[in-house]
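Asks: Have a look at this prediction, sequence included:
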Amino acid sequence: MIDDGTLTAEARVVSLDGRRFQFAGPLEPGFEPGGFVTLRPATGALQLGQVEDVGFTIGGDVHGGGRILGAIPGEGGAPDSRLSVPFPMADMRPAAASMIAALYDGVAASLDIGSHLVDGDVPAHLLPRRLNRHTFWCGQSGSGKTYALGVLLEQILLRTALPMVIFDPNADFVRMRESDGGSAPPAARRLLAERDIRILRPTADGADALRVRFVDLPIQSRAAVLRLHPLDDRAEYNELVRLEETVGTLDSHAVVPRLLERRTPAALDLAARIQNLGLIDWNVWARGSEPVTAVIDARPDATVLDLGGFTAPDEPLVVALAVLDDLWAQRERRRPILIVIDEAHNLCAPDGGSPLRALVRERIVQIAAEGRKFGLWLLLSTQRPSRIDPSILSQCDNLALMKMTSAVDLDDLARTFGFVPAGILARATGFRQGEALFAGGFAPAPSVVRVGARLTREGGADVPVPVRGG
């Protein structure tokens with residue numbers, strides 16, 4: 001027998017097309033945007049629906065509408081939208097846990113993200129197969145955005161074979177190899193024992209160093225590092241094109257002397273430019289070390305790039321450009337990879353910046369528009385949605401939204417992610433820390449969730465305020 005709920009709350013419901021419904025009934029828990037309900041027509045199969053908008057008057061009934069997710073087959077299981085039919089009247093009740101759980105029936109290797117907010121006994125999952133669409137992850141400061149992102153990345157490591165490269169500007173994910181013994185030790189031990197997780201840092205040496213080979217960059221990218229324009233600086237640009245060896249392949253003390261030996265005006269100007277910019281002293285150059293592109297090409301399960309330890313502000317941009325250029329150059333190999341960019345507004349701002357920053361943004365725009373079919377999938381995380389280039393944001397089909405009180409940002413998100421019902425989206429203003437809305441291809445239905453616990457140590461937890469004893 002199918003469990004259609006045991007609560008006594010009831011509402012009268014009508015559906016004219018078998019896809020959407022309108023209702024009116026008593027004010028009861030469960031009849032809220034994002035809540036799941038069961039609809040029982042006088043004849044026909046029991047149906048599962050989701051409330052999308054709600055209105056009420058003090059002392060009066062609740063009224064609103066929603067979407068029918070599908071009829072439940074007689075033997076139970078996942079709702080099937082093909083079996084939904086219009087009905088002139090039905091009873092509506094908050095859905096029982098088993099009905100909500102049925103959404104995930106038949107979904108292999110679900111990603112355990114937490115529990116549904118309305119019914120904490122019902123686990124919430126995301127669908128790994130739909131990570132082949134770009135994902136936007138956002139929430140204001142203090143919402144728990146980065147912690148929640150760590151939960152998802154751990155689940156991807158545990159339950160998929162999808163490799164990741166993680167751009168980590170705040171060292172939030174550099175401890176992903178370390179178990180958080182207070183959460184789920186067995187799962188964490190499995191994560192640590194079976195997964196190849198590389199942590200590359202600017203301050204490290206040897207195999208853990210985060211380095212780039214200048215000579216491996218395309219000429220356009222090399223010119224951007226040197227702030228050269230092909231027409232405005234045509235003599236120096238031509239000198240750069242002709243050089244067989246330059247920054248990153250020679251000893252740092254040999255680059256400028258090599259240019260000075262040439263004695264041409266362009267070579268002398270280029271040498272002066274390198275000296276003035278201080279490029280020789282940058283810690284990012286490989287100088288014989290394994291470059292980051294080679295590490296990623298070996299496809300570890302996760303490669304964490306700690307971008308926060310560089311001295312020069314352009315060094316993280318050089319790493320980003322080297323990685324993105326290399327992935328794009330090899331796109332025809334169609335080797336899937338998830339490109340996770342935390343604090344994405346640093347790389348995806350819609351305007352301004354140096355030639356290097358502009359080139360990084362252009363590459364991300366290109367991957368957002370065309371990379372999906374080659375297995376280059378983006379996951380962009382930020383607390384500032386308005387600072388993401390609209391041409392990148394518009395390509396995202398998955399949304400994770402945590403607490404967001406900015407009306408401007410919510411309006412922008414509503415326009416971009418039109419598949420999220422406005423009533424459910426508006427709940428983000430009242431979220432507590434760790435609560436989130438997941439919608440789009442990777443969620444069977446828009447889901448309001450309390451995010452679960454991390455399995456590994458968080459690298460960038462808040463520093464507590466010192467308190468005097470006594």
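Replies: Looks like it came in fine. Numbers count the residues shown, from 1 in each chain.
Asks: make it CA atoms for all contacts and neighbour counts henceforth
Replies: Will do.
Asks: For the stretch 1-150 of the chain, which residues score under the pLDDT cut-off?
Replies: 1-11, 27-30, 59, 74-76, 106-109, 120 (pLDDT under 70).
Asks: can you pull out the strands in it?
Replies: Ranges of strands in the stretch 1-150 of the chain, per DSSP state E, counting those that start in this stretch, are 11-15, 20-25, 36-41, 47-56, 62-71, 87-94, 111-116, 123-126, 134-138.
Asks: Looking at those strands, spot the one closest to residue 300.
Replies: Nearest to residue 300, of all the strands of the stretch 1-150 of the chain, is strand 111-116, at 19.8 Å by C-alpha to C-alpha.
Asks: Now render the strands of the stretch 1-150 of the chain as CSV, adding mean neighbour count and distance to residue 362.
Replies: Below are these laid out as CSV (neighbours: other C-alpha atoms under 10 Å; distance: least, C-alpha to C-alpha, whole Å):
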stretch, mean neighbour count, distance to residue 362
strand 11-15, 21, 47
strand 20-25, 21, 41
strand 36-41, 26, 41
strand 47-56, 23, 37
strand 62-71, 22, 38
strand 87-94, 22, 47
strand 111-116, 22, 32
strand 123-126, 24, 30
strand 134-138, 26, 16
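Asks: Would you convert those strands into a markdown table that also reports distance to residue 195?
Replies: Output for these, formatted as a markdown table (distance: least, C-alpha to C-alpha, whole Å):
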| stretch | distance to residue 195 |
| --- | --- |
| strand 11-15 | 49 |
| strand 20-25 | 44 |
| strand 36-41 | 36 |
| strand 47-56 | 38 |
| strand 62-71 | 37 |
| strand 87-94 | 41 |
| strand 111-116 | 16 |
| strand 123-126 | 21 |
| strand 134-138 | 23 |
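Asks: who wins for proximity to residue 446 among those strands?
Replies: Minimum separation from residue 446 across these (C-alpha to C-alpha) falls at strand 47-56, 8.7 Å.
Asks: Show residues contacting that closest one.
Replies: Residues outside strand 47-56 that contact it (C-alpha atoms under 8 Å, 6 or more residues apart in numbering) are 31-40, 62-72, 79, 84, 95, 99, 421-424.
Asks: can you rerun that using 6 Å?
Replies: Identification of contacts with strand 47-56 by C-alpha atoms under 6 Å, 6 or more residues apart in numbering yields 33-39, 62-72, 421, 423-424.
Asks: before we move on, what about stretch 81-91?
Replies: 11-18, 39-41, 69-71.
Asks: go again using 8 Å as the cut-off
Replies: Residues outside stretch 81-91 that contact it (C-alpha under 8 Å, 6+ apart) are 10-19, 39-42, 45, 47, 68-72.
Asks: distance of the nearest residue to residue 422 once chain neighbours are set aside from residue 425?
Replies: Spatially, and ignoring its direct neighbours in sequence, residue 422 is nearest to residue 414 (6.9 Å; C-alpha to C-alpha, 6 or more residues apart in numbering). In this view, residue 414 and residue 425 are 7 Å apart by C-alpha to C-alpha, to the nearest Å.
Asks: Of the two, which one has the most company?
Replies: Applying other C-alpha atoms under 10 Å to residue 414 and residue 425 shows that residue 425 carries more neighbours, namely 25 against 16.
Asks: helices or strands up against the helix or strand that one falls within?
Replies: Taking DSSP states H and E as the criterion, the element that holds residue 425 is helix 422-425. Counting contacts by 3 or more C-alpha pairs under 8 Å, 6 or more residues apart in numbering; DSSP states H and E, helix 422-425 is packed against strand 47-56, helix 407-416.
Asks: Now residue 312: closest residue in space that isn't a chain neighbour?
Replies: Closest to residue 312 by C-alpha to C-alpha, 6+ apart is residue 282, at 7.0 Å.
Asks: So residue 385 is in contact with residue 408, correct?
Replies: No. Under the criterion of C-alpha atoms under 8 Å, residue 385 makes no contact with residue 408, lying 9.5 Å away.
Asks: The two: who's more crowded?
Replies: In this comparison of residue 385 against residue 408, neighbours counted by other C-alpha under 10 Å, the higher total goes to residue 385 at 24 against 12.
Asks: And that one, its phi and psi?
Replies: phi -60, psi -30 (degrees, to the nearest 10).
Asks: hmm, back to that, want to throw the helices and strands packed on helix 422-425 into a markdown table with distance to residue 215?
Replies: Shown next, in a markdown table, are these (distance: least, C-alpha to C-alpha, whole Å):
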| stretch | distance to residue 215 |
| --- | --- |
| strand 47-56 | 54 |
| helix 407-416 | 39 |
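Asks: Please name the bridge partners of the nearest residue to residue 47 once chain neighbours are set aside.
Replies: Using C-alpha to C-alpha, 6+ apart and skipping the chain neighbours, the partner closest in space to residue 47 is residue 71 (4.1 Å). Assessed by DSSP bridges, residue 71 has beta-bridge partners residue 47, residue 80.
Asks: Quick check: residue 71 touching residue 80?
Replies: Yes. Residue 71 is in contact with residue 80 according to C-alpha under 8 Å; the separation is 5.2 Å.
Asks: SS state for the residue nearest in space to the middle of the chain?
Replies: Closest residue to the average C-alpha location of the chain: residue 379 at 3.1 Å, with C-alpha atoms, centre = their mean. Counting by DSSP: H, G, I helix; E, B strand; the rest coil, the backbone at residue 379 sits in strand.
Asks: Would you mind listing the residues in contact with it?
Replies: Contacts of residue 379 by C-alpha under 8 Å, 6+ apart are 134, 135, 136, 137, 338, 339, 340, 341.
Asks: how about a cut-off of 10 Å?
Replies: Residues near residue 379 by C-alpha atoms under 10 Å, 6 or more residues apart in numbering: 131, 133-137, 149, 164, 166, 338-342, 344, 396, 398-399.
Asks: can you check residue 385 too?
Replies: Contacts of residue 385 (C-alpha under 10 Å, 6+ apart): 136-140, 344-345, 349, 393, 408-410, 412-413.
Asks: With residue 344 instead?
Replies: 136-138, 167-169, 379-385, 387-388 are the contacts of residue 344 under C-alpha under 10 Å, 6+ apart.
Asks: Tell me which residue of the protein is furthest from the middle?
Replies: Residue farthest from the centre of the chain, counting by C-alpha atoms, centre = their mean, is residue 263 at 49.9 Å.
Asks: Not counting its neighbours along the chain, what's nearest residue 101?
Replies: Closest to residue 101 by C-alpha to C-alpha, 6+ apart is residue 122, at 6.5 Å.
Asks: quick one on the thing from earlier: and the average pLDDT for the helix holding residue 425 is what?
Replies: For helix 422-425, the mean per-residue pLDDT is 94.
Asks: Isn't residue 186 up against residue 158?
Replies: No. Contact criterion C-alpha atoms under 10 Å: residue 186 and residue 158 do not qualify, at 11.7 Å.
Asks: any residues in contact with both of those two?
Replies: The contact lists of residue 186 and residue 158 share residue 192, where a contact means C-alpha under 10 Å, 6+ apart.
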